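Q: one predicted model, sequence on top.
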2 protein chains.
Amino acid sequence: MDAERPELPPQVALLWGRRGPARRGRTSGLSVEAITQAAIRIADAEGLGAVSMARVAAELHSAPMSLYRHVDSKDELLLLMSDAALEGAPELAGADWRERLTSWAYAVLACFRRHPWYREIPISGPPVGPRNLEWFDRALAALADTGLPEGEKVLVVTGLMPVVHGQARLSIDLAAGYEADPEAFGAGFAHALATVVDPARYPALSRVIASGVFGPGGPGGEDTPPEGYDDFGPEFAFALSCYLDGVAAFIARTTSQR
Amino acid sequence: MDAERPELPPQVALLWGRRGPARRGRTSGLSVEAITQAAIRIADAEGLGAVSMARVAAELHSAPMSLYRHVDSKDELLLLMSDAALEGAPELAGADWRERLTSWAYAVLACFRRHPWYREIPISGPPVGPRNLEWFDRALAALADTGLPEGEKVLVVTGLMPVVHGQARLSIDLAAGYEADPEAFGAGFAHALATVVDPARYPALSRVIASGVFGPGGPGGEDTPPEGYDDFGPEFAFALSCYLDGVAAFIARTTSQR
DNA sequence: GCGTTCAGCGTACGTCATACGCTGTTTCGC
DNA sequence: GCGAAACAGCGTATGACGTACGCTGAACGC
């Protein structure tokens, strides 16, 4: 099987550890995996901004330019990180597809939380690394007993990804913002709104403000960290629940036609 | 009213053009707005990576360091851009809340499309700039005739934001990825999957692949640009529709209890 | 044994954000 | 009206960044 491996694009081959080993030359003291793991350690400890080629090399007691024998560019390193940082996808527990998809979504969020820098890496193509595909597989598996055709399962899962990714990004961004400037949230936010919002220009928002939603006693009014800071709050639960309500209706429509 | 303006946080004041004018010293040839608009022009033409202080200054026939008389840092410039690039929020047409929210979502996506770099700017706090608040106001206004209390309106809108933002980010990322490497999509993707996916490790994904969804003739199988490249495709319509189905159920539950 | 291929890395370059401080202009307070 | 303070513009400089280029020594294939 391995000997008959058809040709893969370079980056796919890289993600799967299938760039052929060197056939001549000195043996290597570095490896793609070691470089990737060092980069992830640095990012986890200090954020993605701290991941420079020089810093990764120092972590490995090498010179920066030696990294380029193993990865073509920093972008390539980021791509490797975007797969390797995803921990193995859990087997999902749950009595039905809805519980399992909910469990999947929260597991994705938790993973993003453990690597908050993950959201800063742009997605450059369809998921193709081993870990990314694992998570994709588990989400599809959650829908196994719905009776949906395979194409529709893909639609449900690819529709869920922006929901989860968007939520992950927003909640982590806001958590970082709160840490940097807590005064911008809660009462400080309410105060700023009250100051700048002109009812003529913002009529609906003015009504919300007048209702006290952003003030003391309102659900967004306390000087608490934003949703996502230390727990998964109601906003994500609401959005996920609404999406899954829609999926449930879609499943009912689709399977009742067969 | 203006004379009695209570104190605002510095960045809020900046976003609202309320840093006090200079009271002494030479008159200024630059302005926050000119700097921001120059930065947006460059980003629109060449992407966010091209926006350096030196480049913005050159666009204005100034020296890079003179920008710092008007903005504290490049981060502050990015914050300004993140509000100024949002065009005025449209008045939403539609017979009911659902049509108006759908219209809102597509208008947000279209705006992101015109400024693809927008997604790369981290969100640092709750929306507080004039344009961001305008869009927030319009989404709230779309729910005016639902009978929902104000707090619940906020929940629906804040639940929708990650859906739209997540979709915008993903679709623009993928469009950029396709432009860089079209072979990674369509048949190339299907081929890579067939090569690397082991049914023992990826059972559900293997079934999807075997069904031909990613192959020729399948909905994802043609060598077409990914969703979002030149039009809004079915994935976003599906996700949005599911979310709104859930919102409809939420509205029915909430308003039937009153 | 020789030529080719390989890993490690020194040197160098252009680019970046921004600290520091000089110069000239404008306003404020006495 | 004058001097001091405040201001804008920007030159100089610094440390940091990613990476091109090429030298050196090690390992392999013929």
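A: Perfect, thanks for sending it. Computed from a predicted structure; not experimentally measured.
Q: what's next to stretch A:237-257, contact-wise?
A: Stretch A:237-257 is contacted by residues A:97-98, A:101-102, A:105, A:146-149, A:152, A:156, A:159-160, A:163-164, A:167, B:155-156, B:159-160, B:162-163, B:238-239, B:241-247, B:249-250 when judged by Cβ atoms under 8 Å, 6 or more residues apart in numbering or on different chains. C-beta: built from backbone N, CA, C; applies to glycine.
Q: what values do phi and psi take at the residue of the stretch 51-200 of chain A found nearest DNA strand D?
A: Minimum separation of the stretch 51-200 of chain A from DNA strand D (Cβ to the nearest atom of the strand) falls at A:Ser52, amounting to 3.1 Å. Backbone geometry at A:Ser52, expressed as degrees, to the nearest 10, gives phi -110, psi 160.
Q: what does A:Ala89 give?
A: phi -70, psi 130.
Q: that one: neighbouring residues, count only.
A: 20 (other Cβ atoms under 10 Å in any protein chain shown).
Q: what segments of chain A are helices?
A: With DSSP state H applied, chain A shows helices at A:10-15, A:32-46, A:53-59, A:74-84, A:97-114, A:130-142, A:150-180, A:187-196, A:203-211, A:234-256, listed in chain order.
Q: I'd like these laid out as CSV, including mean neighbour count.
A: Shown next, in CSV, are these (neighbours: other Cβ atoms under 10 Å in any protein chain shown):
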stretch, mean neighbour count
helix A:10-15, 20
helix A:32-46, 18
helix A:53-59, 17
helix A:74-84, 19
helix A:97-114, 19
helix A:130-142, 22
helix A:150-180, 21
helix A:187-196, 19
helix A:203-211, 18
helix A:234-256, 19
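Q: in CSV: the ones you listed, plus distance to DNA strand C and mean pLDDT.
A: Shown next, in CSV, are the helices of chain A (distance: least, Cβ to the nearest atom of the strand, whole Å; pLDDT from 0 to 100):
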stretch, distance to DNA strand C, mean pLDDT
helix A:10-15, 13, 90
helix A:32-46, 9, 97
helix A:53-59, 7, 97
helix A:74-84, 12, 96
helix A:97-114, 27, 94
helix A:130-142, 22, 96
helix A:150-180, 14, 91
helix A:187-196, 24, 89
helix A:203-211, 32, 95
helix A:234-256, 32, 93
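Q: okay if I get those helices as JSON lines plus distance to B:Gly186?
A: Formatted as JSON lines, the helices of chain A follow (distance: least, Cβ to Cβ, whole Å):
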{"stretch": "helix A:10-15", "distance to B:Gly186": "14"}
{"stretch": "helix A:32-46", "distance to B:Gly186": "27"}
{"stretch": "helix A:53-59", "distance to B:Gly186": "33"}
{"stretch": "helix A:74-84", "distance to B:Gly186": "20"}
{"stretch": "helix A:97-114", "distance to B:Gly186": "26"}
{"stretch": "helix A:130-142", "distance to B:Gly186": "17"}
{"stretch": "helix A:150-180", "distance to B:Gly186": "14"}
{"stretch": "helix A:187-196", "distance to B:Gly186": "45"}
{"stretch": "helix A:203-211", "distance to B:Gly186": "43"}
{"stretch": "helix A:234-256", "distance to B:Gly186": "25"}
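Q: nearest to B:Gly47, out of these?
A: helix A:74-84 (14.2 Å; Cβ to Cβ).
Q: which residues touch that closest one?
A: A:11, A:14-15, A:32-33, A:35-37, A:39-40, A:43, A:51, A:53, A:56, A:67, A:71, A:118, A:121, A:123-124, A:129-132.
Q: just the angle between it and helix A:32-46, please?
A: Counting by axes from the mean of the first three to the mean of the last three Cα atoms, to 10 degrees, helix A:74-84 points 80 degrees away from the direction of helix A:32-46.
Q: any idea how far A:Ala39 is from A:Val108?
A: As for A:Ala39, its distance to A:Val108 is 21 Å (criterion: Cβ to Cβ, to the nearest Å).
Q: how does chain A divide into domains?
A: Taking the TED database as the reference, chain A has its domains at A:10-85, A:97-185+A:221-257.
Q: a markdown table for these, including distance to B:Ala84?
A: Shown next, in a markdown table, are these (distance: least, Cβ to Cβ, whole Å):
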| stretch | distance to B:Ala84 |
| --- | --- |
| domain A:10-85 | 25 |
| domain A:97-185+A:221-257 | 19 |
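Q: and B:Arg19, which of those domains is closest to it?
A: Nearest of the domains of chain A to B:Arg19, taken as Cβ to Cβ: domain A:97-185+A:221-257 at 16.9 Å.
Q: so is that closest one next to DNA strand D?
A: No. Contact of domain A:97-185+A:221-257 with DNA strand D (Cβ under 7 Å from any atom of the strand) is absent, the minimum separation being 13.0 Å.
Q: quick check, the residue in chain A closest to DNA strand C?
A: A:Gly25 (2.2 Å).
Q: what are the phi and psi values for that residue?
A: Residue torsions, per degrees, to the nearest 10, at A:Gly25 are phi 80, psi 170.
Q: tell me the spacing between it and A:Arg69.
A: Distance, A:Gly25 to A:Arg69, by Cβ to Cβ: 10 Å.
Q: who has more neighbours out of the two?
A: With neighbours defined as other Cβ under 10 Å, A:Gly25 and A:Arg69 compare such that A:Arg69 has more, 13 against 7.
Q: the more buried one and A:Ser28 touch, don't they?
A: Yes. Using Cβ atoms under 8 Å, A:Arg69 makes contact with A:Ser28 at a distance of 7.5 Å.
Q: quickly check: stretch A:121-134 near chain B or not.
A: Yes. Against chain B, stretch A:121-134 shows contacts by Cβ under 8 Å from any Cβ of the partner chain at A:Pro122, A:Ile123, A:Ser124, A:Gly125, A:Pro126, A:Val128, A:Pro130, A:Leu133, A:Glu134.
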